[in-house]
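> how does the following fold in three dimensions:
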Amino acid sequence: MLRFFVIFSVLLIGLFTLEILQPAEKYVILPFTSMIADISVWIVQVFDDNVIATGNVLRDKVSGFGVRIERGCNGLEAVIILFSAIFAFPAPFKNKLIGFVAGFFAIQILNLVRIISLYYLGQWNYTAFEWFHLYLWQALIILDALVVWLIWLRTLPVSHPSPDDLEQEPA
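From the prediction side, this is the model:
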């Protein structure tokens, strides 16, 4: 258990530190966030062709209302937490890789729902938008990472201790 917490903490601190560095911002975070905005617009345009994306902003062409996807709103923090938890846990690498990829998509799909819902909430009621943005959705995205990790744990193969691992009581 101590091994898990040490590795988890090192990965978490290392990845969050890496995330705030300028090269990561320029070459990973900003392009990824713009891609999330483009995907969100693509989904919304199925129902509403009044939305456009400019960089990391979704904007309604008619009302002018926009939602800017900033650091902390692109789902990457939850992905970092999930990555750290999965790769700190002792499990076969193949299981870790499958769990991380599935979790990445689970978090990003929920984050797309979040962004699109906030886009419409902001046009309807700004007070509701602020509450959902600051409180509900932040917690749900992190909760998603936790739930994915717990589901991943349940899918791991059961390891049976070897006879050497078992302490035998004296006869």
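> how about the strands in the chain?
In the chain, the strands defined using DSSP state E lie at 51-54, 57-60, 66-68.
> regarding the chain, what is its longest helix?
Secondary structure of the chain per DSSP state H: the longest helix is helix 93-124.
> rewinding a little: using TSV, please lay out the strands of the chain together with mean pLDDT.
Formatted as TSV, these follow (pLDDT from 0 to 100):
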stretch	mean pLDDT
strand 51-54	87
strand 57-60	89
strand 66-68	89
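> doesn't residue 108 make contact with residue 141?
No - counting by C-beta atoms under 8 Å, residue 141 stays clear of residue 108, with 9.9 Å between them. All C-beta spots, glycine's among them, are computed from the backbone N, C-alpha and C.
> what touches both of the two?
Common neighbours of residue 141 and residue 108, using C-beta atoms under 8 Å, 6 or more residues apart in numbering, are residue 75.
> all helices for this protein, in order.
All helices of the chain, identified by DSSP H, fall at 2-20, 22-24, 30-44, 76-88, 93-124, 126-131, 137-155.
> so which of the ones you listed is nearest residue 60?
Across the helices of the chain, residue 60 has its closest neighbour in helix 93-124 (6.4 Å, C-beta to C-beta).
> pull out the buried residues from the closest one.
Neighbour-count burial for helix 93-124, with 16 or more other C-beta atoms under 10 Å as criterion, is recorded at 95-96, 99-100, 103-104, 106-108, 110-112, 114-116, 118-119, 121-122.
> done for today, thanks.
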